[in-house]
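Participant: What follows is a predicted protein model with its sequence.
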Amino acid sequence: MQQSKSFIDVITECIESDSVVLPVFSSAALRVQQELVKKEPDMKVVENILVGDQSLSSQILQMANSAFYHGLVEILTVRAAIIRLGMQEVGRIALLVASRNQFRSKDKELNQIMKQLWQHSVGCALGVRWLAKRCKFDELENHVFFAGLFHDVGKLFVLMVVDQLRNKNKELPVTHALLLESMSSLHAEQGYNLMKKWNMPEEYCLVTRDHHRSDYDTRNYMLLLVRLANMACSKLGIGLAKDDSLVLSTKEEARLLNLSEIDLAELEIHLEDTSVLFG
């Protein structure tokens, strides 16, 4: 126990010393998100932002032409993607490909964990969007995908700090169990701090901070949706661990959202059907 405490302290001290290099998220993807949450987003603005980022736009086109969207005609331009899939869907693709770029490391072990984290983040984002539709939270639909995708960003940040520490000290003794415990202990607080440094809206920051808290705000519907989608992913093993003993219908979040056992079973089916995006 003392060893794990010491390692957590090392990570915390590294973060607090300001010696750690913070991850930089795609400004283009964020600007698209800011445009899309407006009451009347401008398609031309979205197109111009994406076209201005060649790397992001090429990755968007690659995903838009993937098996998940299975279009009969190849999409060759950002404008064609917007027309075919819609602005909101292209915006979600932009967030997916931009965030995926963060979940990579040259360290084989860390890279594998990051891959599982990515799968969990995508699963949660897709799940929370489905739940928002089922609950008819139309005003939240354009926000919840982002909140779900970034709820565990603190775990990614902890791994990036460990990666930097390992680069400085190749002999740093880090077991898999220590990595998992460090992420579990630090991710909510450090994720919240990172989101604040990225100047994210407060509603997203609160989801990152409170998605495991027992004393959470039961009136925060975005938080309720993310917490429930998070549990659904854990039940199905989408991510680092699987807990098939979870019974979603017994959870307070499901009751507060007035979701039936049938609703929750359909959520699980939806997550299994969309697993092609988790890779």
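Facilitator: Cool, got the structure. All values reported here derive from a predicted model rather than from experimental measurement.

Participant: helix/strand/coil for residue 92?
Facilitator: Assigned by DSSP: H, G, I helix; E, B strand; the rest coil, the conformation of residue 92 is helix.

Participant: Report how many residues lie close to residue 176.
Facilitator: 10 (other Cβ atoms under 10 Å). Just so you know, the C-beta spots here come from the backbone N, C-alpha and C atoms, and that holds for glycine as well.

Participant: any idea which element the residue lying closest to it once chain neighbours are set aside lies in?
Facilitator: In this structure, residue 176 finds its nearest non-sequential neighbour in residue 109, 7.1 Å apart by Cβ to Cβ, 6 or more residues apart in numbering. Secondary-structure element containing residue 109, defined by DSSP states H and E: helix 108-134.

Participant: Buried residues, that helix. List them.
Facilitator: 110, 113-132, 134 (16 or more other Cβ atoms under 10 Å).

Participant: Could you pull up the residues touching the closest residue to residue 26 other than its chain neighbours?
Facilitator: Nearest residue to residue 26, sequence neighbours excluded (Cβ to Cβ, 6+ apart): residue 98, at 3.7 Å. Contact analysis of residue 98 by Cβ atoms under 8 Å, 6 or more residues apart in numbering lists 25-26, 28-29, 56.

Participant: what pLDDT does residue 98 get?
Facilitator: On pLDDT, residue 98 comes in at 86.

Participant: what does the one 10 residues further on give?
Facilitator: The predicted structure scores residue 108 at 89 on the pLDDT scale.

Participant: Just put the contacts of residue 98 in JSON lines and tack on pLDDT and distance to residue 207.
Facilitator: Formatted as JSON lines, the contacts of residue 98 follow (pLDDT from 0 to 100; distance: Cβ to Cβ, whole Å):
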{"residue": "25", "pLDDT": "81", "distance to residue 207": "16"}
{"residue": "26", "pLDDT": "84", "distance to residue 207": "20"}
{"residue": "28", "pLDDT": "91", "distance to residue 207": "23"}
{"residue": "29", "pLDDT": "90", "distance to residue 207": "18"}
{"residue": "56", "pLDDT": "90", "distance to residue 207": "24"}
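
Participant: Just those residues: which are in helices?
Facilitator: The helices, defined by DSSP state H, take in 28-29, 56 from these.

Participant: Out of the residues you listed, which comes closest to residue 81?
Facilitator: Looking at these and their distance to residue 81, the nearest is residue 56, at 12.0 Å (Cβ to Cβ).

Participant: Quick check: chain neighbours aside, which residue is closest to the closest one?
Facilitator: residue 28 (5.3 Å).

Participant: wait, that neighbour sits on residue 53?
Facilitator: Yes - Residue 28 is within contact range of residue 53, at 3.9 Å (criterion: Cβ atoms under 8 Å).
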